[in-house]
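Trainee: Here is my input, please return the structure:
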Amino acid sequence: MATTANTKAKNSTRRAATKAAAAPKAVGPDAISLLEADHREVDDYFEQYETLTDDAAKKALADKICLALKVHAQIEEELLYPPAREETGDGHLIDEAIVEHMGAKTLIAQIEASAPGQPLYDARVKVLGEQVRHHVEEEEQELFPEVRATGLDLDALGAKLTARKAELMALLAPAPAA
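Mentor: Residues are numbered from 1 along each chain as shown. Purely as a prediction, here's the structure:
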């Protein structure tokens, strides 16, 4: 039985699909999965903070919250928001997210400049948590679905976010005590 051009094309397509299925997937999470994991981590930190009574433990956890949020906001602003704005055409959501980041950064600076036991310290951490939860809800319910519906390569973007996050954590994390 002779092999037709059509049969050869089908076999070639089948081999390509098998190769694609066997090809290794991206090493890390896609961009949105990474950002959502960050959201869960910080939310857990805020919940833990509410149970603390020791000032040293509060300070350590607040510092952890502030570092995580500074890094998260920066990677979103540098690497997610520009292509998301372009691909979704939804500048309104991106603008609102940037303004929310600015508000969080203001509270973070105030928290970092003070200490537990000082007036408004716990209130600032609590309000920061409330603002972050609002921001997360909007991103996860509105922005992320819009981004997923675009042609953005979320695996490649996830790799970039992961690398930049590691770089910023190393740069911004306090030096270990000697």
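Trainee: among the helices and strands of the chain, which has the poorest mean pLDDT?
Mentor: The element with the least model confidence among the helices and strands of the chain, by mean pLDDT, DSSP states H and E, is helix 5-22, at a mean of 43.
Trainee: Flag every buried residue along the helix or strand following it.
Mentor: Remark: after helix 5-22, the chain's next helix or strand is helix 31-51, criterion DSSP states H and E. Judged by neighbour count using 16 or more other C-beta atoms under 10 Å, the buried positions of helix 31-51 are Ala31, Ile32, Leu34, Leu35, Glu36, Asp38, His39, Val42, Tyr45, Phe46, Tyr49. In short, each C-beta sits where N, CA and C put it, glycine included.
Trainee: Between those residues, which sits nearest Glu137?
Mentor: Lowest distance from Glu137 to those (C-beta to C-beta) belongs to His39, with 9.4 Å.
Trainee: now that closest one, nearest residue through space, not along the chain?
Mentor: Leaving aside its chain neighbours, His39 sits nearest to Val136 (4.6 Å; criterion: C-beta to C-beta, 6 or more residues apart in numbering).
Trainee: burial of that neighbour, as a residue count?
Mentor: A total of 19 residues lie near Val136 under the criterion other C-beta atoms under 10 Å.
Trainee: So what does it look like in phi/psi?
Mentor: According to degrees, to the nearest 10, the main-chain angles of Val136 amount to phi -60, psi -40.
Trainee: That one and Asp38 touch, don't they?
Mentor: No. Here Val136 lies out of contact with Asp38, judged by C-beta atoms under 8 Å, at a distance of 9.2 Å.
Trainee: Could you list the residues in contact with stretch 129-149?
Mentor: Contacts of stretch 129-149 with the rest of the structure, by C-beta atoms under 8 Å, 6 or more residues apart in numbering, involve 31-32, 35-36, 39, 42-43, 46, 49, 69, 80, 84, 87-88, 90, 93-94, 96-97, 100-101, 103-104, 107, 154.
Trainee: Check stretch 165-178 too.
Mentor: By C-beta under 8 Å, 6+ apart, stretch 165-178 touches Leu34, Asp63, Leu67, Lys70, Val71, His72, Gln74, Ile75.
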